[in-house]
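Q: just need the structure, nothing else, for what follows:
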Amino acid sequence: MRQNQAGLKFQIYRPVGGNVYNLVAETEAFDQNGVTAITQHNFSPLSYQDGDYLGWVHTGQGTFPFTGGAGNVRWRYGIQPVGSNIDFNGQGARVYAYRASLRSEERRVGKECRSRWS
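A: Numbering: from 1, shown residues only. Below is the predicted model:
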């Protein structure tokens, strides 16, 4: 990760159609100032469904390094609130260096199974 990036949040996006995705949840912002790797961060669990996408938002320059020439990534400049339908109108061949680990809490609320990723 690049240093001196404020306001990094991981987000869960749900496809709406075409290049439009609904922002359904996000973590609290955390400060990466001087941090080059985050191995654990305690934030509230984010519920997700099959077919959802993991993304991120930040202020300033790009947060994660990437290489070009492979992959198919979409992006959008600007920060939108949870609940927004976002048109990811930017696109390019990029491979990013990040990883998320998912785990089930094995706790059911009605028919919903809540999951946590970190």
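Q: and the pLDDT for the closest residue in space to I12 that isn't next to it in sequence?
A: Taking C-beta to C-beta, 6 or more residues apart in numbering as the measure, I12 lies nearest to A25, with 4.4 Å between them; neighbours along the chain are not counted. To be clear about C-beta, it is placed using only N, CA and C from the backbone, and glycine gets the same treatment. According to the model's per-residue confidence, A25 sits at a pLDDT of 94.
Q: A25: neighbour count?
A: 18 (other C-beta atoms under 10 Å).
Q: work out for me the element it sits within.
A: Using DSSP states H and E, A25 maps to strand 20-26.
Q: what comes up buried for whichever helix or strand comes after that strand?
A: Tracing the chain past strand 20-26, the next element assigned as helix or strand by DSSP H and E is strand 53-57. Of the residues in strand 53-57, those scored as buried under the neighbour-count criterion (16 or more other C-beta atoms under 10 Å) are G55, V57.
Q: for the nearest residue to D87 once chain neighbours are set aside, give me its contacts.
A: Leaving aside its chain neighbours, D87 sits nearest to V20 (5.1 Å; criterion: C-beta to C-beta, 6+ apart). With contact set as C-beta atoms under 8 Å, 6 or more residues apart in numbering, V20 has these partners: N85, I86, D87, F88.
Q: please convert the buried members of those residues into ChimeraX selection syntax.
A: Of the contacts of V20, the buried ones go into a single ChimeraX selection, burial set by 16+ other C-beta under 10 Å:
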select :86,88
